[in-house]
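Chemist: give me a model of this one.
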Amino acid sequence: MARDTAEAEAGMRGITFPAWHGKHYVTLAELLVRLGSFGLDLTWRVEFDEIVDPRCVEMEERSADAGMDTLHCCR
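Modeler: Numbering: from 1, shown residues only. Here you go, the predicted model:
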């Protein structure tokens, strides 16, 4: 049984994951590979705890309102 999109979004709080696993930096691309085809249907809103590159600000701004789909998020 499919849930209504608004109902699903209302219950969502998002996920948080550290970018580091031990000494290894985990990229978004690595995460998406592990999600497989499930990751293609996701909408992303990106927030950074630490701005280390000017592209971080751009990604936060692009995803702020309605979010962005996986293919746009991972360019």
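Chemist: tell me where the protein has strands.
Modeler: Assigned by DSSP state E, the chain shows strands spanning 20-21, 24-25, 43-44, 68-69.
Chemist: which of those sits closest to residue 35?
Modeler: Smallest distance to residue 35 across the strands of the chain (CB to CB): 11.6 Å, for strand 43-44. In this view, the C-beta of every residue, glycine as well, is placed from N, C-alpha and C.
Chemist: and stretch 24-38, C-alpha only, in CSV?
Modeler: Extracted C-alpha coordinates of stretch 24-38, given in CSV (Å, rounded to 0.1, in the frame of the first residue of the first chain):
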residue,chain,number,x,y,z
HIS,A,24,38.5,7.3,5.5
TYR,A,25,36.4,10.2,4.1
VAL,A,26,33.1,8.8,2.9
THR,A,27,31.9,10.7,-0.2
LEU,A,28,28.2,11.1,-1.2
ALA,A,29,29.0,9.1,-4.3
GLU,A,30,30.1,6.1,-2.1
LEU,A,31,27.0,6.4,0.0
LEU,A,32,24.8,6.3,-3.1
VAL,A,33,26.6,3.3,-4.6
ARG,A,34,25.7,1.4,-1.4
LEU,A,35,22.0,2.6,-1.6
GLY,A,36,21.8,1.2,-5.2
SER,A,37,18.7,2.0,-7.2
PHE,A,38,16.8,3.0,-4.1
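Chemist: list the buried ones in that stretch?
Modeler: 28, 32 (16 or more other CB atoms under 10 Å).
Chemist: swap in stretch 36-46?
Modeler: Result for stretch 36-46 [16+ other CB under 10 Å]: buried residues 39, 44, 46.
Chemist: would you list the strands of the chain in CSV and tack on distance to residue 55 and mean pLDDT?
Modeler: Listed next are the strands of the chain as CSV, based on distance: least, CB to CB, whole Å; pLDDT from 0 to 100:
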stretch, distance to residue 55, mean pLDDT
strand 20-21, 19, 82
strand 24-25, 15, 86
strand 43-44, 14, 82
strand 68-69, 14, 82
